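1. the following block contains a protein sequence and its predicted model.
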Amino acid sequence: MSVAYKTLKESTVGTLISVKGKSQSICLTIDSIFLNKILKDPLMSKASIKDLDGQVNDILKIININCEWDKLSDYCSANS
């Protein structure tokens with residue numbers, strides 16, 4: 001997907017991301033509170049945690065956001 005325009009903003013839900021491509025638009029919400037709860041769950045294996053973390057970060061890279069999901073609030077502040 002070639003990204004023409006993207007906006008990021010923080011809310012009480014998490015990070016809201018709107019991406020406009022050449023032929024379609026995508027809206028994502030990254031619920032960092034929920035992700036943090038999952039990653040701190042003692043029943044989650046380290047491999048599962050690493051996989052989930054990697055998947056979310058891969059999605060961000062696809063839409064040209066060069067930041068890890070747990071640092072998005074800092075990224076939003078620096079790029080607004």
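-> That came through, no problem. Numbers count the residues shown, from 1 in each chain.

2. distance of residue 69 relative to residue 17?
-> Noted for residue 69: a distance of 10 Å to residue 17, by Cβ to Cβ, to the nearest Å. Just so you know, the C-beta spots here come from the backbone N, C-alpha and C atoms, and that holds for glycine as well.

3. sorry, wrong one. I was asking about residue 35.
-> Residue 35 is 14 Å from residue 17, by Cβ to Cβ.

4. now swap in residue 59 and tell me
-> Distance of residue 59 to residue 17, given as Cβ to Cβ: 9 Å.

5. out of those two, which sits in the busier spot?
-> Of the pair residue 59 and residue 17, residue 17 is the one with more neighbours under other Cβ atoms under 10 Å, namely 20 against 15.

6. make sure that one is indeed in a helix.
-> No. Counting by DSSP: H, G, I helix; E, B strand; the rest coil, residue 17 is not part of a helix but strand.

7. nearest spatial neighbour of residue 49, skipping sequence neighbours?
-> The shortest distance from residue 49 to any non-neighbouring residue, by Cβ to Cβ, 6 or more residues apart in numbering, is to residue 39 (5.3 Å).

8. give me the pLDDT for the one you found.
-> pLDDT recorded at residue 39 is 85.
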